[in-house]
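Student: Please find the sequence and the predicted model below.
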Amino acid sequence: MAISMTPAASERVKSFLSNRGKGIGLRLGLKTSGCSGMVYVIEFVDELNDDDEVYEVADVKIIIDAKSFIYLQGIELDFVKEGLNEGFQFNNPNAKGECGCGESFTV
């Protein structure tokens, strides 16, 4: 299994789940959108879907559906703070290019 998280991302997800007070883990997925074709979807999971796979990564349960996994295999999830901005960053070795704004990518 080639999905990883930096310590910063792991701590941020654990903090969100703790503050939220419920949830199985974090869903990583994809949807078709943006100018390059695909965008990342990240959300908390309270119930699993039939096609979900659950991976334990850095003490966090990561849930990925089968269709998204082929494009997310090898991804590293990071949490970055730059000045007043902060957010999750996806380091995906499958991405062949990104749009100018960095919101979408192509494989």
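Tutor: Looks like it arrived, so ask away. Computed from a prediction, not measured in an experiment: that's the story for all the values here.
Student: going forward, measure contacts between C-alpha atoms and count neighbours the same way
Tutor: Noted.
Student: Find the helix or strand that L77 is a member of.
Tutor: Assessed by DSSP states H and E, L77 sits inside strand 76-82.
Student: Mind listing what's buried along that strand?
Tutor: Residues of strand 76-82 classed as buried: E76, L77, D78, F79 (neighbour count, 16 or more other Cα atoms under 10 Å).
Student: Counting by contacts, list what it packs against.
Tutor: strand 4-5, helix 7-20, strand 85-91 (3 or more Cα pairs under 8 Å, 6 or more residues apart in numbering; DSSP states H and E).
Student: pLDDT weak spots in the protein?
Tutor: Counting by pLDDT under 70, the ranges of the chain that qualify are 1, 33-36, 96-107.
Student: let's see it at 90
Tutor: For the chain, residues meeting the criterion pLDDT under 90 lie at 1-3, 29-41, 51, 58-59, 65-75, 82-85, 87-107.
Student: residue with max distance from the center of it?
Tutor: Outermost residue of the chain with respect to the C-alpha centroid, by Cα atoms, centre = their mean, is G83; its distance is 22.2 Å.
Student: show me the contacts for the residue nearest in space to the middle of the chain.
Tutor: Closest to where the C-alpha atoms of the chain average out (Cα atoms, centre = their mean) is L28, at 3.8 Å. By Cα atoms under 8 Å, 6 or more residues apart in numbering, the residues touching L28 are Y40, V41, I42, E43, I62, I63, I64.
Student: Please apply the same query to K61.
Tutor: Counting by Cα under 8 Å, 6+ apart, K61 touches I24, G25, L26, V54, Y55.
Student: That one belongs to a strand?
Tutor: Yes. K61 forms part of a strand when assessed by DSSP: H, G, I helix; E, B strand; the rest coil.
Student: hmm, back to that, mark which of the contacts of L28 are buried, thanks.
Tutor: Buried subset of the contacts of L28 (neighbour count, 16+ other Cα under 10 Å): Y40, I62, I63, I64.
Student: of those, closest to L48?
Tutor: Taking Cα to Cα as the measure, L48 sits nearest to I63 out of the buried ones among the contacts of L28, at 8.1 Å.
Student: returning to that earlier point: let me have the helices and strands packed on strand 76-82 in a markdown table, extended by mean neighbour count and distance to F69.
Tutor: Shown next, in a markdown table, are the helices and strands packed on strand 76-82 (neighbours: other Cα atoms under 10 Å; distance: least, Cα to Cα, whole Å):
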| stretch | mean neighbour count | distance to F69 |
| --- | --- | --- |
| strand 4-5 | 20 | 13 |
| helix 7-20 | 15 | 19 |
| strand 85-91 | 12 | 14 |
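Student: Cheers, nothing more for now.
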